[in-house]
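Enquirer: following is a predicted model, sequence given first.
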There are 2 protein chains.
Amino acid sequence: MAGKNTQVLMKQHPKGWVTEGDFEIVERDIPKPGPDQVLVRNIYLSLDPYMRGRMDAVRSYAAHLNPGDMMGGGTVGQIVESNVKSLPVGAYVNGMLGWQEYGLARAGELRVLDPKIAPISTAVGVLGMPGCTAHYGLMTIGQPKAGETVVVSAASGAVGSVVGQVAKIQGCRVVGIAGGAEKCDYVVKELGFDACIDYKAPDMQEKFKAATPDRVDVYFENVGGEIMEMVFGRLNGFSRVAVCGLIAQYNGQPYPFTGMRHVLVNRAKVQGFIISEHMEYWPGAIMEMAGWIKSGKLKYKEDIAEGLKNAPAAFIGLLKGKNFGKQLVRIAPETV
Amino acid sequence: MAGKNTQVLMKQHPKGWVTEGDFEIVERDIPKPGPDQVLVRNIYLSLDPYMRGRMDAVRSYAAHLNPGDMMGGGTVGQIVESNVKSLPVGAYVNGMLGWQEYGLARAGELRVLDPKIAPISTAVGVLGMPGCTAHYGLMTIGQPKAGETVVVSAASGAVGSVVGQVAKIQGCRVVGIAGGAEKCDYVVKELGFDACIDYKAPDMQEKFKAATPDRVDVYFENVGGEIMEMVFGRLNGFSRVAVCGLIAQYNGQPYPFTGMRHVLVNRAKVQGFIISEHMEYWPGAIMEMAGWIKSGKLKYKEDIAEGLKNAPAAFIGLLKGKNFGKQLVRIAPETV
């Protein structure tokens, strides 16, 4: 296939908050698939907080990016050239093809999507990595019991919205934390949370205390910082904290957390996890969540930026909580 | 029994570090045992870091002390008057009779000791609460596997010394952290740890890194503060942290911990526990450890302050790491 392939590279490691100057947009030739490869035209790019961690030159669970590397990320696309029998041209696929218009992949690197089950964009949202992150972290680390209080930060986001709704299905009292009245309204009125605390409001602490009269049994940690501090101060005995993200630290400054005392006093369990290490968990969780979507128990919302060139700005907005729903970038129309 | 009963009360809640002025020594009449009670002459009082937490007027797993309350604590003593058939005069018993010379107890509140198995003082040390804390926290939360690296702070203390020796028995590489060359020498040469880092030395960070070439799989957290910070920075993937104490916070100032990122990045599990909630665990652990003492695999050291009136000073020393071995107070001679 002739033509150019726009890519977004990391130009330099960010200093503090990510800026647009940390990225570089380049045009390369569209690559040719090798004998066991397919060429995918990317349609949706998923933007996720974990990407911020990859941009720092520090040890983590995955290799970090070096200046000049293409930004990685989950994608949904359509096969346009194929040398693999099981992956015909026209098939919609989910992979990790990164911030680019076209990408090559082998069979084991792609998941074929059935557009009849759900919109293909959900493969990087509620029926993909964020949804499985929510389901796994809540159910296996949080282990919520009916009647318990579950708290989730970034409650209107791709992960938080699923955490809260799945916890409601388990019979829990669910309290969300989100930025702004509009997001809080959505979380309570649309998603059915019992309460949602606006972290931008000056009386956050008092409101949170009032919303958790029986304290907190399960906390799904997405944001870190002073919200984490506040929730740890309300933990119950034998509470469980699933550590999924610490967005407040994504400006490169570790937050000075003073709540370790509550882990001891409450005999709490605090556990980090990375959903890509639990791939065996995905099919069951996706099947269950697809059923809940069909029956109306699980809702989702997408925030779509138009065009790959707007990906850096959308990503910066995500880190600052400006998105409302799962942040996607539309790289190309679904059908051409 | 006629005579006076010296008691140590908490005079006021400490402000910051505990001072001797926070205590008051009083003389009361020796109480008379009721129809289902015994009178115990206390011989040893155990001093333990958890007592500091009880002195603050904050929510915790146990009720806090109010000004004028007697200091609580584990004791070993001898029955001097008895209205309970199963508890004859002369029997040595372990209970929670607090900072006083004589105390009353009912049958269910005492454990009868066999002085032939081990010195009676071990009932508040290696074969009591500290030993069971070490065994439980290491084995059930730490879950060490042979070849893994186990790190324990306050390594020469009542809990830390047992953690390290039990981890050696499991086939682990064991690195202790202790204050001063003398304690470090003891931990390595007497207790058989693979290495011990002196936290008073200026090159602690480099020495610790060199002593943990394969990073840290299990951390038994006793002290908090910058040592906790340092060890979290060396955690391995899927590491486990048993949170037993945070002595550095016992001056009332919570330490601003910046290591939560490592919990996420390493998919670590951090769990607090309180050994008194796992009484079913004690008999098996004590039996096992008594066997190890007999076979020479498990050693212990005691640091004994003389006289109940010296308990406040000894307790303050314990919080500052001045003790060397399990801190006891000898209230009275073993035999009269």
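Expert: Right, received. Where do you want to start? Numbering: from 1, shown residues only, chains lettered A, B, ... in the order given.

Enquirer: which parts of stretch A:295-314 are buried?
Expert: A:Leu298, A:Tyr300, A:Lys301, A:Glu302, A:Asp303, A:Ala305, A:Leu308, A:Ala311, A:Pro312, A:Ala314 (16 or more other C-beta atoms under 10 Å in any protein chain shown). Using the backbone N, CA and C atoms, a C-beta is placed for each residue, glycine as well.

Enquirer: likewise stretch A:9-22?
Expert: A:Leu9, A:Met10, A:Lys11, A:His13, A:Pro14, A:Val18, A:Asp22.

Enquirer: so which of those belong to strands?
Expert: A:Leu9, A:Met10 (DSSP state E).

Enquirer: strands along the stretch 1-150 of chain A, start to end?
Expert: A:4-10, A:23-29, A:38-46, A:75-82, A:92-95, A:102-105, A:111-112, A:149-153 (DSSP state E, counting those that start in this stretch).

Enquirer: and those as CSV, adding distance to A:Gly180?
Expert: Below are the strands of the stretch 1-150 of chain A laid out as CSV (distance: least, C-beta to C-beta, whole Å):
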stretch, distance to A:Gly180
strand A:4-10, 28
strand A:23-29, 27
strand A:38-46, 23
strand A:75-82, 28
strand A:92-95, 31
strand A:102-105, 35
strand A:111-112, 34
strand A:149-153, 14
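
Enquirer: TSV for those strands, including distance to chain B and mean pLDDT?
Expert: As requested, those are exported to TSV (distance: least, C-beta to the nearest C-beta, whole Å; pLDDT from 0 to 100):
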stretch	distance to chain B	mean pLDDT
strand A:4-10	19	98
strand A:23-29	23	98
strand A:38-46	19	98
strand A:75-82	24	98
strand A:92-95	24	97
strand A:102-105	27	98
strand A:111-112	23	94
strand A:149-153	13	97
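
Enquirer: which of the ones you listed sits most buried?
Expert: strand A:149-153 (a mean of 30; mean count of other C-beta atoms under 10 Å in any protein chain shown).

Enquirer: for that one, the distance to its chain's centre please.
Expert: Between the centre of strand A:149-153 and the centre of its host chain there is 17 Å, according to C-alpha atoms, centre = their mean, to the nearest Å.

Enquirer: what do you get for stretch A:14-23?
Expert: Worked out by C-alpha atoms, centre = their mean, stretch A:14-23 lies 20 Å from the chain centre.

Enquirer: same check on stretch A:327-336?
Expert: Worked out by C-alpha atoms, centre = their mean, stretch A:327-336 lies 18 Å from the chain centre.

Enquirer: any idea of the mean pLDDT in that stretch?
Expert: Averaging pLDDT along stretch A:327-336 yields 92.

Enquirer: who touches it?
Expert: Outside of stretch A:327-336, the residues within contact range by C-beta atoms under 8 Å, 6 or more residues apart in numbering or on different chains are A:41-48, A:75, A:77-78, A:101, A:120-121, A:124-125, A:158, A:302-308, A:310-311, A:314-315, A:317-318.

Enquirer: now intersect the residues you listed with the helices, please.
Expert: Within those, residues falling in helices by DSSP state H are A:Ala311, A:Ala314, A:Phe315, A:Gly317, A:Leu318.

Enquirer: ok, so of the residues you listed, who is nearest chain B?
Expert: Lowest distance from chain B to those (C-beta to the nearest C-beta) belongs to A:Leu318, with 17.5 Å.

Enquirer: which residues touch the closest one?
Expert: A:Leu47, A:Asp48, A:Pro49, A:Gln327.

Enquirer: pick out the lowest-pLDDT one from the residues you listed.
Expert: Among the contacts of A:Leu318, A:Pro49 has the weakest pLDDT, 88.

Enquirer: any idea how far A:Met129 is from it?
Expert: Separation of A:Pro49 from A:Met129 (C-beta to C-beta, to the nearest Å): 11 Å.

Enquirer: same check, this time on A:Phe232
Expert: A:Phe232 sits at a distance of 26 Å from A:Met129 (criterion: C-beta to C-beta).

Enquirer: surely A:Gly77 and A:Leu45 touch.
Expert: No. Using C-beta atoms under 8 Å, A:Gly77 is not in contact with A:Leu45, being 9.3 Å away.

Enquirer: who in the stretch 201-336 of chain A is up against chain B?
Expert: Neighbours of chain B within the stretch 201-336 of chain A, by C-beta under 8 Å from any C-beta of the partner chain: A:224, A:228, A:237, A:243-246, A:249, A:254-261, A:263-274, A:277.

Enquirer: of those, select the buried ones using a ChimeraX command.
Expert: Buried residues among those (16+ other C-beta under 10 Å), as a ChimeraX selection:
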select /A:224,228,243,244,245,246,249,254,255,257,258,259,260,261,263,264,265,266,267,268,269,270,271,272,273,274
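
Enquirer: just the ones of the residues of the stretch 201-336 of chain A next to chain B in strands?
Expert: Per DSSP E, these map to strands at A:Gly237, A:Val243, A:Lys269, A:Val270, A:Gln271, A:Gly272.

Enquirer: tell me which residues touch the spatially closest residue to the second one that is not a sequence neighbour, please.
Expert: Pointing back at A:Val243 there. Leaving aside its sequence neighbours, A:Val243 sits nearest to A:Gly272 (C-beta to C-beta, 6 or more residues apart in numbering or on different chains; 4.2 Å). Contact analysis of A:Gly272 by C-beta under 8 Å, 6+ apart lists A:Val243, A:Cys244, B:Val263, B:Leu264, B:Val265, B:Asn266, B:Arg267, B:Ala268, B:Lys269.

Enquirer: for those residues, give me a markdown table that also has distance to A:Asp214.
Expert: Shown next, in a markdown table, are those (distance: C-beta to C-beta, whole Å):
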| residue | distance to A:Asp214 |
| --- | --- |
| A:Val243 | 22 |
| A:Cys244 | 23 |
| B:Val263 | 26 |
| B:Leu264 | 27 |
| B:Val265 | 32 |
| B:Asn266 | 32 |
| B:Arg267 | 29 |
| B:Ala268 | 28 |
| B:Lys269 | 25 |
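
Enquirer: now distance to B:Gln205 and pLDDT too, for those, in TSV please.
Expert: Shown next, in TSV, are the contacts of A:Gly272 (distance: C-beta to C-beta, whole Å; pLDDT from 0 to 100):
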residue	distance to B:Gln205	pLDDT
A:Val243	25	94
A:Cys244	29	89
B:Val263	20	93
B:Leu264	22	90
B:Val265	19	89
B:Asn266	18	94
B:Arg267	24	94
B:Ala268	20	97
B:Lys269	24	97
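
Enquirer: and for A:Lys32, the neighbour number?
Expert: A count of nearby residues for A:Lys32, using other C-beta atoms under 10 Å in any protein chain shown, gives 11.
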